[in-house]
Structures are given as structure tokens and as C-alpha cells.
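Engineer: Everything below, folded, please.
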Amino acid sequence: MKTITAAVLLLMTGCTVGPDYVRPAVPAATSFGPQASAGKGGSAQHFSAGQTVASDWWKAFGSPQLDQLIADAFTASPTLGAAKAALRGAQENVAAQRGAFFPTLAASYSPSRTKVAGNQGGSAPGLQGDGTNISTGPNSEPVSYTFHTAQLTVGYAPDIFGANRRQVESSAALASGQAFQLQAAYTTLAANLAGAAIEEALLREQIAITQAIVDAGTLAVATLRRQQHAGFASNLDISLQEGALIQAQQLLPPLTRQLAQTRNLLRALSGKAPDQPLAQQFDATSLHLPRDLPVSLPSQLIEQRPDVRAAEAQVQAASAQVGVAAAARLPQFSIDAAIGGAAAHFNQMFWPSGSFFNLAGNLTQPLFDGGALKHRELAADAALQEAAAQYQVTVLTAFQNVADTLRALHADADALQMAVAAERNADASLALIRRQLARGYVDRLALIGAEQSQRQAALNVAQARAGRLADTAALFQALGGGWSPHE
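Structural biologist: As a prediction, this is how the structure comes out:
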């Protein structure tokens with residue numbers, strides 16, 4: 001009696017085999033490096049350790065155009081649509097797996113029409129109730145009859161050793177990972193749009209600087225031609241100036257091509273075709289360098305980076321699969337039952353004389369399978385170790401991303417400071433060369449060289465400023481892009 005009671009309790013409560021999930025250990029880190037930037041030559045940036053990242057971090061650039069562009073992209077991007085559909089599919093798989101906790105119930109109805117050969121004897125159900133045989137012989141007539149069967153079947157597999165619970169745990173972890181991947185898709189899309197907007201602003205500034213050089217060169221050539229007619233300029237002067245003009249003009253086609261491609265990239269990221277209009281345009285005045293930047297602690301980064309959380313979800317899913325594989329090596333239980341009725345006439349199926357039922361239990365214990373189940377469990381354990389190692393790699397990569405971006409921002413500040421100083425020096429040198437040329441102390445070749453140096457210095461300043469903007473956006477992305485349900 002005690003044995004039966006224990007068996008019943010086991011069927012009712014069960015147990016869950018396999019390891020319970022424990023987050024893998026990660027390398028200890030307390031900071032990512034320097035936490036301040038002077039930023040001479042431009043706006044200073046200050047870092048606040050431990051501060052959380054705003055969910056709409058792109059608004060720190062002070063650009064209504066960028067805000068609207070990202071809002072539109074969040075609505076129309078097919079990349080986000082695919083990620084949302086993947087999440088819904090994962091969530092439905094969890095719900096489907098939970099269905100295994102409940103019994104299955106099915107109803108069936110099976111009518112049949114049968115003709116029995118006359119020379120085989122027997123009686124048609126419902127036609128010859130006395131049980132006597134129909135006569136056989138060469139003149140015996142075949143007997144045809146209809147038979148109706150309806151039944152209700154119930155099946156239930158008790159989750160004694162937690163195989164289904166572990167499978168639900170694995171599916172739920174994968175769905176959680178898919179949610180983190182959706183968050184990563186939002187963050188990546190916003191960062192890519194911000195990066196493309198910064199690139200467009202840089203290209204427009206480069207085109208404007210180059211066009212100014214072309215305009216100045218065109219004016220210089222025209223001036224020299226007038227001076228030549230007056231006898232104050234030589235063919236060599238004109239040739240040198242025309243050569244410098246051609247060099248400047250050659251820079252414009254690649255820049256305009258890159259600008260068009262960047263605009264196409266913005267359209268694609270926003271879910272638009274190349275021939276569709278894009279209302280937003282970006283130039284040097286459209287984006288402002290954020291002055292106060294958050295820098296999460298390493299412990300915070302583990303919680304807020306969606307790729308890290310997705311990698312952790314993979315570990316939990318793999319841990320649960322070890323339990324699934326372990327449970328497959330233990331006894332499997334099932335209970336099946338059916339109740340119904342059968343008769344030759346439809347309205348007689350549920351008469352007492354036509355009713356039937358059956359109840360069966362099944363217990364299966366694998367005895368020999370060539371080691372297949374054992375090796376599947378070992379493979380699941382190896383997959384768990386792989387997922388844990390991949391999680392650690394993802395964490396280290398996240399730490400590296402933040403540290404690299406912080407270093408880049410400090411280098412950007414130094415580069416901008418030097419670029420601004422070089423531009424000032426080039427401006428002063430160009431002004432001096434022009435005065436000396438007017439007095440006849442230098443030739444036009446010296447002026448052309450000074451103009452080229454000044455143009456390159458101006459381009460370097462534009463690139464340095466764009467670099468700070470781009471690396472600032474990269475920092476927000478490296479920190480996880482904030483947390484917000486965008487739906």
C-alpha cells in the first residue's frame with residue numbers, strides 16, 4: 001500500500017532532472033578606463049560613471065531631423081518587422097510547448113459501408129440479432145451493411161522527470177533571447193541611422209569646402225587671364241593655377257557619389273526605395289556634439305547590453321536541454337483512454353448495448369539503444385559548455401567595445417585640437433603668402449601650395465568633428481542603447 005501511495009505521489013508531483021540554471025561567471029572589471037575628456041578645439045565632453053543610458057539617446061545630438069528620421073524608421077523598417085515576427089514565433093512556441101502539460105482530448109466519428117460475400121457466412125451487424133449464420137452456398141446473396149463508430153479519446157503523459165518542464169524552460173529562454181535580439185535591432189538601426197546622418201553632414205561640408213576652393217580657383221584663373229592681357233601674368237602662372245583648379249574639381253565627383261550613396265543608405269534603413277523622397281537632410285549645423293555622456297559600470301553593462309542578455313538566454317536554453325536529454329533516459333509514462341459507441345444505425349451508437357470504453361497505462365524504460373541516449377546527454381552538456389564560453393566571449397567583447405570607444409573619444413578630442421591648430425596655422429600662412437605674392441616676394445606656386453594646405457586643414461577639421469560625433473553614437477550603442485519597449 002505504501003508503495004502504491006508513493007507511486008501515485010510521484011505521478012502527481014514528479015521531479016525535474018538536469019542542472020538548474022546558474023549564470024556563468026564573467027571576468028571581474030570595475031571600470032573601462034579614463035572617464036573625462038577636455039575636448040579643446042571643440043565642445044568639451046564629460047563622462048558620468050554609473051549613469052544609465054536614455055532609451056532615446058539619439059536626442060542628445062539635438063537634431064529634430066534625426067529624431068524624426070529614427071521615429072519613421074522604427075515604424076517602417078522591414079528589419080524590425082522581421083525581428084518582431086521572429087519574437088512572436090518564439091513566444092508561440094513556448095505556448096505550444098506548455099500545452100504538453102495538459103491531457104489531449106479528441107473526438108472521432110467513423111461511418112463505414114461493408115459488403116460481406118454470401119459464401120463466407122456470418123451475419124450483418126444489426127440485421128440478424130439471433131446470431132444464426134446466413135446460409136452459404138452457390139446461391140447465397142452478399143450482405144451489405146453500414147456501421148457507425150463514435151468515440152472520445154483522452155491521452156496524457158505525466159511529466160514525471162520534468163522533461164517537458166525543461167523543454168518549456170528552454171523555449172522560454174529562446175523567446176527571451178529573441179526579445180533581446182529585437183532590442184538589439186532597434187539599437188543597431190538607430191546607431192546606423194545616426195552614423196549615416198553624420199556621414200552625410202561630413203560629405204556636405206567636404207563638398208562645400210571643395211566647391212569654395214573650385215570657385216576661388218576659377219576666379220583666380222579668370223583674374224590671371226586679365227592680368228596676362230595687361231602683361232602682369234605669364235602663361236606659367238595660368239598653367240599652374242589651372243592645374244590646381246583641375247585637381248580641386250577632380251575631388252567633387254567622388255564626394256557627390258558618396259553623398260548619393262549615403263542618401264540611398266538612409267532610405268534603405270528607413271524602409272524606403274531609392275526613388276522615394278527622404279525629407280531629412282543633414283549638414284554641419286544639423287547635429288550637435290553631446291556634452292554629457294553616460295558610462296555604465298561593467299556590472300550594469302552585463303544587464304543592459306542586449307547581445308549579452310541574448311547570449312545568456314542561449315546558456316539557459318542549453319542548460320534546460322541537458323535536463324531534457326537526461327529525462328529521456330528515464331522511464332516514460334503515458335495514460336490513454338477511450339469511450340464511445342458503435343452500432344449499425346447512427347441513432348443506436350449510444351445505446352447501452354453499443355457503448356464501449358478502454359483505459360490503458362504504459363510504462364517504457366529504455367534498456368539498450370547502443371548508447372544513443374547517453375551520448376545525446378553528453379552532447380547536450382557539451383553544448384551547454386559551448387554556450388557558457390560564448391557568453392563569456394560576448395561579455396568580454398562588450399567590455400572591449402566600451403573601452404575602445406572611450407579611447408577613441410579621447411583620441412578624437414586630441415585630434416580635433418590639433419586639427420584646429422593646424423587650420424589656424426594654414427589660414428595664417430595663406431594670408432601671409434597672398435601678401436608676399438602681391439609684393440612679388442613669392443611666385444604663384446607658393447600660393448597654390450598654401451591654398452592646398454589650407455583646404456586640407458579645413459577638411460581635417462571637418463573629419464575630426466565628424467569623428468567625435470560618430471564615436472559618440474558608437475558609445476551609446478556600445479552601452480546597449482538604453483532600454484525601452486518601442487511598441
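
Engineer: which residue ranges form the strands in the stretch 301-450 of the chain?
Structural biologist: 332-343, 355-364 (DSSP state E, counting those that start in this stretch).

Engineer: Of all those, which one is nearest Val116?
Structural biologist: strand 332-343 (16.8 Å; C-beta to C-beta). Heads up, the C-betas are built off the backbone N, CA and C, glycines and all.

Engineer: centre of the chain versus that closest one, how much separation?
Structural biologist: 47 Å (C-alpha atoms, centre = their mean, to the nearest Å).

Engineer: go on, stretch 266-280?
Structural biologist: Here stretch 266-280 is found 21 Å from its chain centre; the criterion is C-alpha atoms, centre = their mean.

Engineer: residues making contact with that stretch?
Structural biologist: 65-66, 68-69, 72-73, 76-78, 189, 192-193, 196-197, 200, 263-264 (C-beta atoms under 8 Å, 6 or more residues apart in numbering).

Engineer: Which of those fall in helices?
Structural biologist: Judged by DSSP state H, the subset of the contacts of stretch 266-280 located in helices is 65-66, 68-69, 72-73, 76, 78, 189, 192-193, 196-197, 200, 263-264.

Engineer: now the residues you listed: which count as buried?
Structural biologist: Taking 16 or more other C-beta atoms under 10 Å as the criterion, what is buried in the ones in helices among the contacts of stretch 266-280 is 65-66, 69, 72-73, 189, 192-193, 196-197, 200, 263-264.

Engineer: As JSON lines, those residues with distance to Glu242 would be great.
Structural biologist: Below are these laid out as JSON lines (distance: C-beta to C-beta, whole Å):
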{"residue": "Gln65", "distance to Glu242": "40"}
{"residue": "Leu66", "distance to Glu242": "41"}
{"residue": "Leu69", "distance to Glu242": "42"}
{"residue": "Asp72", "distance to Glu242": "46"}
{"residue": "Ala73", "distance to Glu242": "46"}
{"residue": "Leu189", "distance to Glu242": "47"}
{"residue": "Asn192", "distance to Glu242": "42"}
{"residue": "Leu193", "distance to Glu242": "42"}
{"residue": "Ala196", "distance to Glu242": "37"}
{"residue": "Ala197", "distance to Glu242": "37"}
{"residue": "Glu200", "distance to Glu242": "32"}
{"residue": "Arg263", "distance to Glu242": "32"}
{"residue": "Asn264", "distance to Glu242": "34"}
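
Engineer: just the helices in the stretch 201-350 of the chain please.
Structural biologist: 235-269, 298-304, 306-327 (DSSP state H, counting those that start in this stretch).

Engineer: which parts of the first one are buried?
Structural biologist: I take that to be helix 235-269. By 16+ other C-beta under 10 Å, the buried positions in helix 235-269 come out as 237-238, 240-242, 244-245, 248, 251, 255, 258-259, 262-269.

Engineer: just the last one next, same as before
Structural biologist: Across helix 306-327, burial judged by 16+ other C-beta under 10 Å covers 306-327.

Engineer: Show me what that helix packs onto, helices and strands only.
Structural biologist: Counting contacts by 3 or more C-beta pairs under 8 Å, 6 or more residues apart in numbering; DSSP states H and E, helix 306-327 packs against helix 163-229, helix 298-304, helix 372-438.

Engineer: where does the chain have its least confident helix or strand?
Structural biologist: Least confident helix or strand, the chain: helix 2-13 with a mean of 47, by mean pLDDT, DSSP states H and E.

Engineer: quick revisit: for Ala383, which of the strands of the stretch 301-450 of the chain is the nearest?
Structural biologist: Closest approach to Ala383 among the strands of the stretch 301-450 of the chain is made by strand 332-343 (22.8 Å; C-beta to C-beta).

Engineer: OK, contacts around Ala450?
Structural biologist: Per C-beta under 8 Å, 6+ apart, neighbours of Ala450: 426, 429-430, 433-434.
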